[in-house]
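[1] Sequence and predicted structure, then a few things I'm wondering about:
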Amino acid sequence: GKPAKAVKNMVKNAAEKVSDLVAPDVPGSPGSEPPSLEEPTAPREPLPPKKEQGAPPVVTPTGAETGAPVTAQGQQGAYLTTAQGVRLRDTDHSLKAGERGPTLLQDHHLREKIMHFDHERIPERVVHARGAAAHGVFEAYGTAGQVTRAGFLKKGKKTDVFVRFSTVLGSRGSADTVRDTRGFATKFYTEEGNFDLVGNNIPVFFIQDGIKFPDVIHAGKPHPDREIPQAQSAHDTFWDFVSLHTEAQHHTIWNMSDRGIPRSYRTMEGFGVHTFRLVNEAGETVLAKFHWKPQLGVHSLVWEEAQLLAGLDPDFHRRDLYDAIEAGAFPEWELGIQVFPDTPEETFEGIDLLDPTKIVPEELAPVQPVGKMTLDRTPTNFFAEVEQVAFHVGHLPPGIDVTNDPLLQARLFSYLDTQITRLGGPNFAQIPINCPHVPVNDMLRDGFHQHAVHAGVAPYRPNSLDGGNPFEAGDAENAFVDAPVEVARSRKVRANPVSYDDHYSQARLFWRSMSPVEKEHIVRAYTFELGKCYEQTIKERQLRCLANIDPVLCRQVATGLGLPAPEPDRPLVEPEPSPALSQVGKEWPAAGRMIGIVADDGADLGALAELRTAVFAAGMVPLLIAPHGGMLGELPVQRTFATARSVEFDALVLAAAPAPAPDALPARDAKAGAGGAAAVDPRVSLLVEECWRHAKAIAGFGAGTAVLERTGVAGTPGVVSAGSATDAFAEVQRLLAAHRVWERFPASVA
Ligand code: HDD
């Protein structure tokens, strides 16, 4: 169940969607009046600044705030000023020598305005450029106390968080639903300083050593000559790299699975990928892997939906995240850890814990929940927060330390270095979104964009001039712990341990853990992606890799490509499948799902009202689709036949059988007469057809059942002809718990 307040918010939100046709509400001002059609003439009272709109505190060498006025608050005053605070009379006309004359160089406002605009863009992130983020809170269960001293994991402790989700390959303006890995980066503003868990939705990585990161990214990014394709892995350089560089095969099969096209950020798992070292109060250490488990389960799009969405709504995931939060359906994840003894070998059950292309199946080491994260607030300003947030794997609190994983070691350099270009200097930690929520007392000084007005004269240690401040902390004052791990006496080498040579056993483990329908999707994904390559050699080489993962997989893809299937070039291992890797066959809460409801002026409005209430009560969002905008009786219409497309909905309920409206395109079988599909508005038929193809629940009641008959879907799995609106929704709700009507997919790969 949803808390009553959340559902009320959803009702409010859905009601606001009625006003889709008027200008959007002032962001972040809940409950404010809708804007007037006329331009306002009197200034409105300034909105109170939000928490994140304050300037970073000015800190003295003793750690105390100076009490200096906060000057950089969000710009909320009634009157327009220059950047120097001078009020302006006119910002629409440049200063000219007469109405028809040339513009004067002396126009300081013009020059300031254009100068600033000219420099509004900063470099996008070199990877993970496209993202969306939200604020929230993490609450610890207190179950990790034995293994780590980290204060934010103590029982009941609540910590502010900011989470940025992203794709990896695309530019900032690319589509959300492309097949790619997703970033899942969390900044915990803990009382012991910031902790960044910079993870992905896939638990392994392409490469084992960070020195290859530029190479894998060069291969995945668009081709350097024509700069295509954007945000895709379906091209020659990507497959050239992964087929030659076989340690990437494990990550790649995850990409080709449904994990590569999440339904929502809210339905993704997150992984810290590397093994970390935890240190407890007594100084004892364990090795650990971090996992985020979404409360809504792991759900994905169907490939055709993902492709349609890239055109119809490139912002699909971003919109979904913000809509859900604003509707009160707050996304939640449990943070869990897999814990391993810190042995000199740094392995567990024969799996090398320092190899980031390997997982430890949950069946061997259970994920133990340590706390819960709830995202409950959208950003106030996208640029200030989402673009300027700077994550770094080296932002660690006392109690969490790194391991020698060579991928992690390279990241420890990269994340600081990249911010110097991206955020224009070394002071990015002073940007409000990056500021720790505890006093900072470093001895870092000066540099571009210095915001702190540091007092004192002695930013060095030891000193006698500032009373010896700042002092170094010890265990009692919660200082960071560098775990005193023994470093083996060894030679300097550019080499990997032998265990890193196993590139296939876990890709095979993944394949063997999939259900038939998931295997079918993987086959199709490889066939699609390799089918987009031009070079025959690359396809053949990748088929050789697939042969080493599984002969059936290899054969099916080879058939699709019209190529012979090669034999494996090494013995196949037979790993025990890990059921936890499959995302099919379980049941999950359906909170926050979108239910499309087709109706028209002839529909039973009483039943419709009842249906909407039931959908809200179940914590879902009903979207009424009608031939026209405005209202159906008392009920607000959210989508018209012209604006609705199936990919927006998780399920479809038909309350009417609308005849083709005058603005519909002609139907192909227009001669089929009153009983055929052509008797239904073709856009409604398309909704049904697509929802059916994408294995979504479909229900009809009243006149709506006729649509099921006419489109030929009646009587097929997951299609319900119900006697009443409530019965229709009850069935839809039942079907949604499994996310999709899986039986509808052909599953030729057993
Ligand atoms: Fe990375 C960004 C995740 C390996 C270098 N990475 C970035 C982001 C995520 C990850 C989620 C976006 C953060 C945000 O939202 O601002 N990266 C990973 C994971 C990896 C990984 C899970 C492997 C386990 N990354 C990796 C390596 C290197 C980098 C090996 C370099 C040696 N990553 C970067 C970067 C980025 C970045 C260039 C781009 C923007 C930024 O850091 O701030 O430094």
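    Arrived safely, thanks for sending.

[2] in a helix, that's where Tyr437 is, yeah?
    No Tyr there; residue 437 is His. No - under the criterion used here (DSSP: H, G, I helix; E, B strand; the rest coil), His437 is coil, not part of a helix.

[3] Quick check: closest non-adjacent residue to it.
    Tyr189 (4.0 Å; Cβ to Cβ, 6 or more residues apart in numbering). For every residue, glycine as well, the C-beta is placed using N, CA and C.

[4] how near is that neighbour to Pro470?
    In this view, Tyr189 and Pro470 are 21 Å apart by Cβ to Cβ, to the nearest Å.

[5] Ok, Lys519 next?
    Counting by Cβ to Cβ, the gap from Lys519 to Pro470 is 58 Å.

[6] neighbour count winner among these two?
    A direct count of neighbours by other Cβ atoms under 10 Å for Lys519 and Pro470 places Lys519 higher, at 23 against 18.

[7] just for the stretch 1-150 of the chain, where's the confidence low?
    Within the stretch 1-150 of the chain, the ranges that satisfy pLDDT under 70 run 1-32, 53-76.

[8] Spell out the residue ranges of the helices in it.
    4-17, 108-118 (DSSP state H, counting those that start in this stretch).

[9] same check, this time on the stretch 351-500 of the chain
    382, 406-422.

[10] Chain neighbours aside, what residue packs nearest to the residue in the stretch 51-200 of the chain that the ligand sits nearest to?
    Closest approach between the stretch 51-200 of the chain and the ligand, counting by Cβ to the nearest ligand atom: Gly183, at 2.7 Å. Among residues not flanking Gly183 along the chain, Ser166 sits closest, at 3.7 Å (Cβ to Cβ, 6+ apart).

[11] That neighbour: which element?
    In this structure, Ser166 sits in strand 158-167 according to DSSP states H and E.

[12] Just grab the bridge partners of the most centrally placed residue in the chain for me.
    The residue lying closest to the centre of the chain (Cα atoms, centre = their mean) is Phe165, at 3.3 Å. Beta-bridge partners recorded for Phe165 (DSSP bridges): Ala132, Phe184.

[13] My read is that it contacts Asp180, right?
    No - counting by Cβ atoms under 8 Å, Phe165 stays clear of Asp180, with 11.7 Å between them.

[14] List the contacts of the closest residue to Pro361 other than its chain neighbours.
    The shortest distance from Pro361 to any non-neighbouring residue, by Cβ to Cβ, 6+ apart, is to Ser578 (3.8 Å). Taking Cβ atoms under 8 Å, 6 or more residues apart in numbering, we find Ser578 in contact with 361-363, 509, 513.

[15] try Pro658
    The contact partners of Pro658, taken as Cβ under 8 Å, 6+ apart, are 598, 600, 627, 641, 680-681, 684.

[16] just these now: which is nearest Pro229?
    Taking Cβ to Cβ as the measure, Phe641 is the one of the contacts of Pro658 closest to Pro229, at 32.5 Å.

[17] so the closest one sits right up against Ala661, yeah?
    Yes - in this structure, Phe641 is within contact of Ala661 by Cβ under 8 Å, at 6.3 Å.

[18] any residues in contact with both of those two?
    Listed as contacting both Phe641 and Ala661 by Cβ under 8 Å, 6+ apart are 627, 681.

[19] Among the two, which residue is more densely surrounded?
    Ranked by neighbour count (other Cβ under 10 Å), Phe641 and Ala661 place Phe641 first, with 22 against 17.

[20] what does whichever strand or helix holds His317 rub up against?
    Assigned by DSSP H and E, His317 belongs to helix 316-326. When contacts are defined by Cβ under 8 Å, 6+ apart, helix 316-326 is touched by residues 9, 13, 132, 134, 165, 175-177, 262, 264-266, 309, 313, 330-331, 375-378, 592, 621, 647.

[21] So among those, which ones count as buried?
    9, 13, 132, 134, 165, 175-177, 262, 264-266, 309, 313, 330-331, 375, 377-378, 592, 621, 647 (16 or more other Cβ atoms under 10 Å).

[22] Check the gap between His251 and Pro356 for me.
    9 Å.

[23] intersection of neighbour lists for the two?
    204-205.

[24] remind me which residues of the stretch 651-750 of the chain are low pLDDT?
    Using pLDDT under 70, the stretch 651-750 of the chain drops low at 667-678.

[25] can you give me the strands for it?
    Counting by DSSP state E, counting those that start in this stretch, the stretch 651-750 of the chain has strands at residues 651-654, 697-701, 719-722.

[26] who wins for proximity to the ligand among those strands?
    Comparing the strands of the stretch 651-750 of the chain by Cβ to the nearest ligand atom, strand 651-654 comes nearest, at 31.6 Å.

[27] thinking again about what came up before, and the ligand, which of the contacts of helix 316-326 reach it?
    Contacts with the ligand within those, as defined by Cβ under 6 Å from any ligand atom: none are present.

[28] coming back round to it: narrow the contacts of Ser578 to just the buried residues.
    Buried among the contacts of Ser578 by 16+ other Cβ under 10 Å: 361, 509, 513.

[29] Could I get those residues in TSV, plus columns for distance to the ligand?
    TSV is the format used below for the buried ones among the contacts of Ser578 (distance: Cβ to the nearest ligand atom, whole Å):
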residue	distance to the ligand
Pro361	18
Leu509	19
Ser513	21
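
[30] if you look at these, which of them are in strands?
    Using DSSP state E to define strands, no part of these is located there.

[31] Please render those residues as JSON lines that adds pLDDT to the earlier fields.
    Putting the buried ones among the contacts of Ser578 into JSON lines (pLDDT from 0 to 100) gives the following:
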{"residue": "Pro361", "pLDDT": "98"}
{"residue": "Leu509", "pLDDT": "98"}
{"residue": "Ser513", "pLDDT": "98"}
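
[32] now, which of those residues sits nearest Asp446?
    For the buried ones among the contacts of Ser578, the nearest to Asp446 is Pro361 (50.5 Å; Cβ to Cβ).

[33] who's in contact with the closest one?
    509, 576, 578, 580-581 are the contacts of Pro361 under Cβ under 8 Å, 6+ apart.

[34] go again using 10 Å as the cut-off
    338, 349, 351, 506, 509, 513, 575-581 (Cβ atoms under 10 Å, 6 or more residues apart in numbering).

[35] Secondary structure and distance to Ala547 added to these, as TSV?
    Output for those, formatted as TSV (DSSP: H, G, I helix; E, B strand; the rest coil; distance: Cβ to Cβ, whole Å):
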residue	secondary structure	distance to Ala547
Gln338	strand	31
Glu349	coil	27
Ile351	strand	24
Gln506	helix	16
Leu509	helix	16
Ser513	coil	19
Pro575	coil	17
Glu576	coil	22
Pro577	coil	20
Ser578	coil	22
Pro579	helix	25
Ala580	helix	26
Leu581	helix	21
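
[36] Now, of those residues, which are buried?
    Among the contacts of Pro361, those scoring as buried are 338, 351, 506, 509, 513, 575, 577-578, 580-581 (criterion: 16+ other Cβ under 10 Å).
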